[in-house]
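Visitor: Need a 3D model of the sequence below.
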Amino acid sequence: MAVFRSNKPKPEPAPAIHSLLGKDVLFKGEVHTNSRSFRVEGVVEGTIHSTGEVSIAPGGLVKGTIFAKHLVVTGRAEGIMKITDCLEIHGTGYVEGDVEVGSLVVDEGGTLQGVCVRKDQSEPVVVAKGGSLPAAKQTDPEAKKADTKR
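Guide: Coordinates of the predicted model:
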């Protein structure tokens, strides 16, 4: 009998869901999850504070403010989101509001409607369906005229 060993690192398992708000539940108020993951399948109206991952499932809705390390949206989020690491909007996800992120991933079919600012930048990013573009800088028309005369 042969034994095969591999030096490859084992893949990390998917993070466990520590807290779940079920799909028929409406919660109004403030949720604090610390570094534990929190999955929303119902409706949250209020504020979520997390130093871990928050995920909004298809059919889930958060109206209010989300402070989190990582936010994954396959449902709907409306309001203000301050995400220190990454905001992921999957194909069925819809995010509307003012968003501040470390990084942003928008899958095909995902929507980000509003103003998005990367945490290390002060300029907003103009958001288009399915992605984003750097905001165009406003130019002084007089400076442009002077530049064309040269």
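Visitor: residue ranges of the helices in this structure, please?
Guide: 141-149 (DSSP state H).
Visitor: So, low pLDDT: which residues of the chain?
Guide: 1-17, 121-150 (pLDDT under 70).
Visitor: switch the cut-off to 90
Guide: Low-confidence segments of the chain, defined by pLDDT under 90: 1-19, 34-36, 118-150.
Visitor: Can you tell me the closest non-neighbouring residue to Asp120?
Guide: Gly102 (7.8 Å; Cβ to Cβ, 6 or more residues apart in numbering). The C-beta positions use only the backbone N, C-alpha and C, and glycine is treated the same way.
Visitor: ok, the one you found - how many residues close by?
Guide: 14 (other Cβ atoms under 10 Å).
Visitor: And for Lys119?
Guide: By the criterion of other Cβ under 10 Å, Lys119 has 12 neighbours.
Visitor: can you pull the contacts of Gly22?
Guide: Residues near Gly22 by Cβ atoms under 8 Å, 6 or more residues apart in numbering: Glu41, Gly42.
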